[in-house]
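Here is a sequence with its predicted model. Questions after.
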Amino acid sequence: MSGFSREDALFFDIAHEGAQLRAVGQAAHLLAGLRGLQPRSVVVLATDQVAAAAARAVATFAAPLEVPVVVADVLPAYVGALDVVVVVGDNAGREEDLRGLTTATDRGAETILAGPNKGPLLEDAPQATTVIPALPDTAGASPLRTCAVVGAVLLALRQPAEVVAERFELLASEVDAELESVSPRRDVAVNAARKLRAQADGARVLHTGFGPAGSAVAQLVAALWSTHGIPASFVDARELPFAIERAQEGNSTAAADDIFHDPYLDGPAKLVGLTTVVWSCEATDPVVPAGSQIESVETDADDPAARAARLVARAYAATALAADATGGTDAVAATEE
């Protein structure tokens, strides 16, 4: 007899996020030809929303950049032999992605593909394109794979493959530790991801970040949650007080404007709560507005990138978990006779 919960099923791809980082690091030798190049730009063609957000997060996190990074969903007209083009994401079916990859290759650009492990994008990719292999057993979105690929390309321009591989091995170990701590088998008392999901349950969620690194994480998490059906948006930390004030005003106005609401028959007006999540990659927690939820990481690694990777993994795990502590125990399959 065997069984697993709905959470276990949803968590399967998420549990591979550390392996995704490790696999990109182990493929760093495929990018060795980039070392020493001084491209006009690195163009990232993102095949889906999460990939676009992840690529922008890396560009924000790594700023200031020696090479401009352009994130687009169609190939910019200027692209040519002076550029590096990276096609990345989990959607293999868009014709414009294959067309952009082929056009960039024909124009003499260095092209890299990090897509799904099957589909027309992989099967029809130009022979000159460097392909970063995908893990064979996963099918869902991998925000950290996109982060790793874009980061590896930027590192490969100035670092040997061994250094790139070592870098991502460290990040992978940190992510593995985070994912173990937020497993579906852990309840809300000891599970930061489930606690985070509980905070967001039934609420409007505003994500913001402390500093550039926290802001990069917050923007990625907002996109990741939105694509998984959790209402979320991003606001810059400098605009947060104003955003909270306006949200509270809007909530009160909406309740007052409901002409059909009878407080004697219907009871008090039901207002949709506002949850503010502040993401921080710093070693110490920042001062935040009252009522805000701070998401940070305790780790021995004195590395903002390691903290950022762990926070993204935590946020991704939250999309698979129920708000209550018993969400991981309801079996959805199955009994073998």
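Perfect, I can see it now. Numbering: from 1, shown residues only.

Quick one: residues contacting residue 183.
11, 191 (Cβ atoms under 8 Å, 6 or more residues apart in numbering). (Each C-beta comes from the backbone N, C-alpha and C, glycine too.)

where exactly do the strands run in the stretch 1-150 of the chain?
Assigned by DSSP state E, counting those that start in this stretch, the stretch 1-150 of the chain shows strands spanning 4-5, 41-46, 69-72, 83-88, 110-114, 130-131.

I'd say residue 14 and residue 317 touch.
Yes - assessed by Cβ atoms under 8 Å, residue 14 is found in contact with residue 317 at 5.4 Å.

anything in contact with each of the two?
Here residue 14 and residue 317 have residue 179 as joint contacts, going by Cβ under 8 Å, 6+ apart.

Quick test: name the residue nearest the centre of the protein.
The chain has residue 143 as the residue nearest its centroid, 3.8 Å off, counting by Cα atoms, centre = their mean.

Leaving out the residues flanking it, which one is nearest to that one?
Closest residue to residue 143 apart from its sequence neighbours, by Cβ to Cβ, 6 or more residues apart in numbering: residue 54 at 4.5 Å.

Next one: that neighbour from residue 128, what distance?
Separation of residue 54 from residue 128 (Cβ to Cβ, to the nearest Å): 25 Å.

ok, now residue 116?
For residue 116, the distance to residue 128 (Cβ to Cβ) stands at 20 Å.

the more surrounded of those two?
The residue with more neighbours, out of residue 116 and residue 128, is residue 116; 18 against 11, by other Cβ atoms under 10 Å.

I'd say the more buried one and residue 122 touch.
Yes - using Cβ under 8 Å as the test, residue 116 is close enough to residue 122 to be in contact (6.7 Å).

Common neighbours of those two, please.
Counting by Cβ under 8 Å, 6+ apart, the residues touching both residue 116 and residue 122 are residue 92.

Let me see the contact set for residue 281.
Here residue 281 is in contact with 210-211, 213-214, 217, 296-297, 304, 307-308, 311 (criterion: Cβ under 8 Å, 6+ apart).

For those residues, which ChimeraX command selects only the ones that are buried?
Only the buried members of the contacts of residue 281 end up in this ChimeraX selection, burial being decided by 16 or more other Cβ atoms under 10 Å:
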select :210,213,214,217,296,297,304,307,308,311
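
Could you check how far the helix ranked longest in the chain is from the centre of its chain?
If you go by DSSP state H, the chain has its longest helix at helix 161-181. Distance of helix 161-181 from the chain centroid (Cα atoms, centre = their mean, to the nearest Å) equals 16 Å.

Which positions within that helix qualify as buried?
161, 164-165, 167-168, 170-172, 174-179, 181.

For the next helix or strand after that helix, C-alpha coordinates in CSV please.
Sequence-wise, the next helix or strand downstream of helix 161-181 (DSSP states H and E) is helix 192-200. Presented in CSV, the C-alpha positions along helix 192-200 are these (Å, rounded to 0.1, in the frame of the first residue of the first chain):
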residue,chain,number,x,y,z
ALA,A,192,8.1,28.7,7.5
ALA,A,193,6.4,28.1,4.1
ARG,A,194,3.2,26.8,5.7
LYS,A,195,3.2,29.7,8.1
LEU,A,196,3.7,32.1,5.2
ARG,A,197,0.8,30.5,3.3
ALA,A,198,-1.4,30.8,6.4
GLN,A,199,-0.6,34.5,6.6
ALA,A,200,-1.8,35.0,3.0
